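Q: let me see the structure of the following:
(2 chains)
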Number of protein chains: 2
Amino acid sequence: MPVYTAPTKDMQFVLHEMLKVGETGIPGYDELERDFTAAVLDEAGKLAGEVLAPLNAVGDQEGCRLENGVVYTPTGFKDAFEAVKEGGWNGLDLPEEFGGQGLPYVMGTAVGEMFVSANMAFNMYQGLTHGAISAILAHGSEAQKAKYLPKMVSMDWTGTMNLTEPHCGTDLGLLRSKAEPQDDGSYKITGQKIFISAGDHDMSENVIHLVLAKAPGGGEGTKGISLFIVPKFLVNEDGSLGERNGVSVGKIEEKMGIHGNATCVMNYDGATGYLIGELHKGMRAMFTMMNEARLGVGLQGYAQAEAAYQNAVAYARDRLQGRDVTGTKNPDGAADPIIVHPDVRRMLMDQKAFVEGARAFTFWGAHLIDKAHRSDDKDAEGLISLLTPVIKGFQTDKGFEMAVQAQQVYGGHGYIEEQGMSQFARDARIAMIYEGANGIQALDLVGRKLAQDGGKHVMAFFEMVKAECKAHDGDERMKGFVEPLKAASKQLQAAGMFFMQNGMKNPNAALSGSYDFMHLMGHVCLGLMWARMAKAAYAALDAGTGDAAFYETKIATGRYYMARQLPACAMHLARIESGADPVMALDAEAF
Amino acid sequence: MPVYTAPTKDMQFVLHEMLKVGETGIPGYDELERDFTAAVLDEAGKLAGEVLAPLNAVGDQEGCRLENGVVYTPTGFKDAFEAVKEGGWNGLDLPEEFGGQGLPYVMGTAVGEMFVSANMAFNMYQGLTHGAISAILAHGSEAQKAKYLPKMVSMDWTGTMNLTEPHCGTDLGLLRSKAEPQDDGSYKITGQKIFISAGDHDMSENVIHLVLAKAPGGGEGTKGISLFIVPKFLVNEDGSLGERNGVSVGKIEEKMGIHGNATCVMNYDGATGYLIGELHKGMRAMFTMMNEARLGVGLQGYAQAEAAYQNAVAYARDRLQGRDVTGTKNPDGAADPIIVHPDVRRMLMDQKAFVEGARAFTFWGAHLIDKAHRSDDKDAEGLISLLTPVIKGFQTDKGFEMAVQAQQVYGGHGYIEEQGMSQFARDARIAMIYEGANGIQALDLVGRKLAQDGGKHVMAFFEMVKAECKAHDGDERMKGFVEPLKAASKQLQAAGMFFMQNGMKNPNAALSGSYDFMHLMGHVCLGLMWARMAKAAYAALDAGTGDAAFYETKIATGRYYMARQLPACAMHLARIESGADPVMALDAEAF
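A: Residues are numbered from 1 along each chain as shown, chains lettered A, B, ... in the order given. Here you go, the predicted structure:
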């Protein structure tokens, strides 16, 4: 059975040495001292490794079941849910006034990585609740906040997001769910929603659904959409639970993975709903939460890769097969452990360099969100808005690829479900799809984010990369970082230039290259992260503090990323510069 | 439910216009006239589409089960097996003296593609039998051939290959299964074999296991290994079935995919076995079949991608979501079909260009095997020996990637098992692992095949690519093919040069780049195929024969491959030239 050990030391390195969270001046960051973050992360890591991880395979094998309208979660999930609840983990980064601990989002992100690595399907019950809380925090009335948030922060009640319908996912303007206004100010919600993660279950008293539906008078397409709170059980004025609302589970989907999470078809049959935020401005309300939600999915990508990687390393150290071509390493054994073989090393280094780079990128993203929210920093907000589709799209593609590669290290044993490596790949697969399929992320990046605020944020990003390179001018040790980063950044700028010059005449010239642009930018971002981590590692080595081997490993891992991954940038640029013609040459009938 | 339509026209294009099978002078090829191949392929296509494809999801959902020592296959498999048997499809390319039809291997390959696309798990029962027959044909005595082959060619009996044991897969020198010589010339086989595809089932009277085991006196490692025939039921002198042999199924593995195939743990408890080929030369006997077996797995890679692609196209034409950014295409509908979107096009073109290129490459490989066997052509044998790891490794990696991409076209629906797209990805996954994991293919290519016969075959390959480019010198229409191919070929040669210059001093310098070399060479091979297909398409257009739209589509698809895929070659070269240092920098403990 797979194991999981929380990478606390790597996380602390990112928090304290790369991001230097203690020195940012962001409100709430001053308490993030090393001892404090260590205590939080150690505690979370213990829960993840000892309670959540052992249930990962159980959830995969048992799945959820629907019986007489009740959704049952896999054996052990309920107890684990109680443990997470008792620890107050859901409220870690939520406001104290509703029962949270008010820590920065970056801490919630670090803890979230551990929980997702340990058991992604399980963590989604909490993750969706967190997302629903954010929506209510941002758009709910004071009365709504008071009514729903304390119970949701404590996880007595969980939450869901209801967007997709059978005929529409990306194109929400097509949605058909209806909201009819009632005399008492509430609405009757009618329609069918599908792919509702954590749609229902047996672990909490109530489920608070956030539902997109069309109320009369809003006009065509997305303009007519509003957002509603639809509780499974109506909530009385005194906070006690009232009657069962007209919402039910039609079906639990059979999926490729995340079996432990109940992905439900939800039927709304004149269910009572309460408008949240402005009428007909439901799409805007959804979008304000999108950065966090998408960052959370980008995190799932590398968190699955991390869990898979840990097990691939253990297997590669343990499995004896063949001999090191440069000389026997295990003379007393029948063969050497496969970790001696260069191609196994290549796979493990790919995984390690990606995961650590992605962790830095994701924590940086969370840090930017904190900066935007807690310091009201508009530049940080613009930057994270630009980076979000990259975090989501690039990291989930690569995360899946790396989980598949970790499975490959196991050879034939990786294909056997018992080993658990298949589950990492199957679970990771969904992250490329939900919360906006990765093609949509690329479209968002190229079609919207590049030009946002007159292109100000992408220009700022380029300047940031340039400044990072410049800061190390003449530093021989940093050459292996600065030169590839400089080259990749130029390729990214050339791609942007190609879009500017060609996209006006023919939007398809830009859109045909959007996916490659997202990946090209992903590599530049991870290259930037590695340059920053190398700088931090050299600083520690120069100071002679801490574990020298740890810092040297960090630098070698970064060098690997720069030497072996950044060459992908030229490929992406070449594809982008081939323009729309190859992509759009055929008639639809010719396929 | 997914559908499958055999791509007969595309296959005929490869056979008759690219390979020009009718003009090769290879014995047996003269009967391959267009009408004849059309008749064979149409018939096979009908069986694949109407009988095998509808059982694909059934096999996935039901899987196989072991009850009281008996393996039961999924509902419908038995009837389908009878249909394949009655059609004589297993013997299509097997010798007439044992009941086969004696057609060239290239025809068996074309039919095989159809069966694999339609139902990979089902086709493996036949595929493994075919492999076992090849082994007996090549190494069996006349008496063994007479005893086993007619029943195996007719599929009254099926076959298996038993190599792997729990502690050894790649490194067969470690194997522990024992063969004790008996007075009557037979052996008693004892040991456990795992991952035995089609290990047992309820569709045939008998199963003929080919088993690697160690007989006394052969020395250490692979030298002591011999190959044995171990029938499930012993066969009497008159050909009737005798007593049950001491071989049993210990377990059916739960796998990520190919659930319809029984992957068995086989226990040999003093089972009677008969030496096949020379004593202690079992490894050599296995290796002679390897080109065919590996080509068969390389075929599985693109055949799964083909089936997934067909469904992705259908979905993309059908699913309405969003509007074409260059102007509405479906004004009467609520939205345009998603095939209008450039990023959906990119995905479909990636798949189409890969599958058609891989088909050409695989058929060419089969054609080389025919040339080697039927015309005793040593150069053809050397060339296919070089290309085999590329066909296997590159095509299964890309085939899986493309099946995953086809699943992506479905958005959230692709993650739901009911849609069948997950199965294509899960089934395709195994092809990267079995018959030598892809890292082993890369090792075989760089560690053995490049230097084989003094590097003669790789030099011949380079000359062949050069000649192809030269033949189109100054042909403006072919520029989009020749220039990228020339550049890619130079990159491949530079990679080979890097290995020569650095691999002698440090073998890890070559082995660290082996995987990238395999992919680089894969792109050059598909580039070469596309140049040849473009040439054939232009020739047909010039002659004004046939369906002009078909040929124009072929050319546009090839241009896509050259413009959008060959840029990967520079990336692979850059990685290769970064050498062993980044890959091997860390101690094993540092991971």
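Q: and the helices in the stretch 1-150 of chain A?
A: Listed in chain order, the helices of the stretch 1-150 of chain A (DSSP state H, counting those that start in this stretch) span A:8-12, A:34-47, A:56-62, A:77-86, A:105-118, A:120-139, A:142-153.
Q: now the helix or strand following the last one - C-alpha only, PDB.
A: I take that to be helix A:142-153. Next helix or strand after helix A:142-153 toward the C-terminus (DSSP states H and E): strand A:157-162. Only the C-alpha atoms of strand A:157-162 are listed here, as PDB (Å, rounded to 0.1, in the frame of the first residue of the first chain):
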ATOM      1  CA  TRP A 157     -22.400  21.600   7.300                       C
ATOM      2  CA  THR A 158     -20.500  21.200   4.000                       C
ATOM      3  CA  GLY A 159     -20.900  23.100   0.800                       C
ATOM      4  CA  THR A 160     -21.100  22.500  -3.000                       C
ATOM      5  CA  MET A 161     -20.900  24.400  -6.200                       C
ATOM      6  CA  ASN A 162     -23.600  23.700  -8.900                       C
END
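Q: packing partners of the lowest-mean-pLDDT helix or strand in chain A?
A: Across the helices and strands of chain A, mean confidence by mean pLDDT, DSSP states H and E is lowest for helix A:282-288: a mean of 84. Judged by 3 or more C-beta pairs under 8 Å, 6 or more residues apart in numbering or on different chains; DSSP states H and E, the packing partners of helix A:282-288 are helix A:120-139, strand A:206-214, strand A:225-231. No exception for glycine: its C-beta is placed from N, CA and C like everyone else's.
Q: export the ones you listed to JSON lines and tack on mean neighbour count and distance to chain B?
A: Formatted as JSON lines, the helices and strands packed on helix A:282-288 follow (neighbours: other C-beta atoms under 10 Å in any protein chain shown; distance: least, C-beta to the nearest C-beta, whole Å):
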{"stretch": "helix A:120-139", "mean neighbour count": "24", "distance to chain B": "13"}
{"stretch": "strand A:206-214", "mean neighbour count": "25", "distance to chain B": "13"}
{"stretch": "strand A:225-231", "mean neighbour count": "26", "distance to chain B": "15"}
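Q: for residue A:330, find the nearest of those.
A: Among the helices and strands packed on helix A:282-288, the nearest to residue A:330 by C-beta to C-beta is helix A:120-139 (35.2 Å).
Q: is the longest strand along chain A in proximity to chain B?
A: Secondary structure of chain A per DSSP state E: the longest strand is strand A:264-276. No: under the criterion of C-beta under 8 Å from any C-beta of the partner chain, strand A:264-276 makes no contact with chain B; the nearest approach is 10.6 Å.
Q: which ones are touching the nearest residue to residue A:172 once chain neighbours are set aside?
A: Leaving out its chain neighbours, the residue that sits closest to residue A:172 by C-beta to C-beta, 6 or more residues apart in numbering or on different chains is residue A:222, at 5.7 Å. Residue A:222 sits next to A:172-173, A:283 when contact means C-beta atoms under 8 Å, 6 or more residues apart in numbering or on different chains.
Q: so residue A:222 sits in a helix?
A: Yes: checked against DSSP: H, G, I helix; E, B strand; the rest coil, residue A:222 lies within a helix.
Q: residues contacting residue A:411?
A: B:169-170, B:433, B:437.
Q: Serialize these to CSV and add fields for secondary structure.
A: Formatted as CSV, the contacts of residue A:411 follow (three-state DSSP):
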residue, secondary structure
B:169, coil
B:170, coil
B:433, coil
B:437, coil
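Q: now, the most widely separated pair of these?
A: So, these by C-beta to C-beta: farthest apart are B:170 and B:433, at 10.9 Å.
Q: which one of those two has more residues nearby?
A: Neighbour count, other C-beta atoms under 10 Å in any protein chain shown: between residue B:170 and residue B:433, residue B:433 has more, with 24 against 21.
Q: wait, the more buried one sits on residue A:409?
A: No: with contacts counted by C-beta atoms under 8 Å, residue B:433 stays clear of residue A:409, the gap being 10.6 Å.
Q: pull up the overlap in contacts between those two.
A: What both residue B:433 and residue A:409 touch, as defined by C-beta under 8 Å, 6+ apart, is an empty set.
Q: excluding its backbone neighbours, what's nearest the residue of the stretch 101-250 of chain A found nearest chain B?
A: The minimum distance from the stretch 101-250 of chain A to chain B, using C-beta to the nearest C-beta, falls at residue A:171 (4.2 Å). Leaving aside its chain neighbours, residue A:171 sits nearest to residue B:321 (4.2 Å; criterion: C-beta to C-beta, 6+ apart).
Q: from residue A:369, how far off is the one you found?
A: To residue A:369, residue B:321 is 29 Å away according to C-beta to C-beta, to the nearest Å.
Q: show me which residues of the stretch 51-200 of chain A sit near chain B.
A: Residues of the stretch 51-200 of chain A found near chain B, taking C-beta under 8 Å from any C-beta as the criterion, are A:164, A:167-171, A:174, A:194-195.
Q: I meant to write the stretch 251-400 of chain A there.
A: For the stretch 251-400 of chain A, the contact set with chain B under C-beta under 8 Å from any C-beta comprises A:253-257, A:313, A:316-317, A:320-322, A:325-326, A:334-335, A:337, A:339-349, A:352, A:400.
Q: and stretch A:379-388, what's buried?
A: A:380-388 (16 or more other C-beta atoms under 10 Å in any protein chain shown).
Q: and of those, the nearest to chain B?
A: For the buried residues of stretch A:379-388, the nearest to chain B is residue A:388 (17.8 Å; C-beta to the nearest C-beta).
Q: now name the helix or strand holding that closest one.
A: helix A:378-409.
Q: for that helix, give the mean pLDDT please.
A: Helix A:378-409 carries an average pLDDT of 98.
Q: one more: stretch A:117-136?
A: On average, stretch A:117-136 scores 97.
Q: chain center to it, what's the gap?
A: Put simply, stretch A:117-136 sits 11 Å off its chain's centre (C-alpha atoms, centre = their mean, to the nearest Å).
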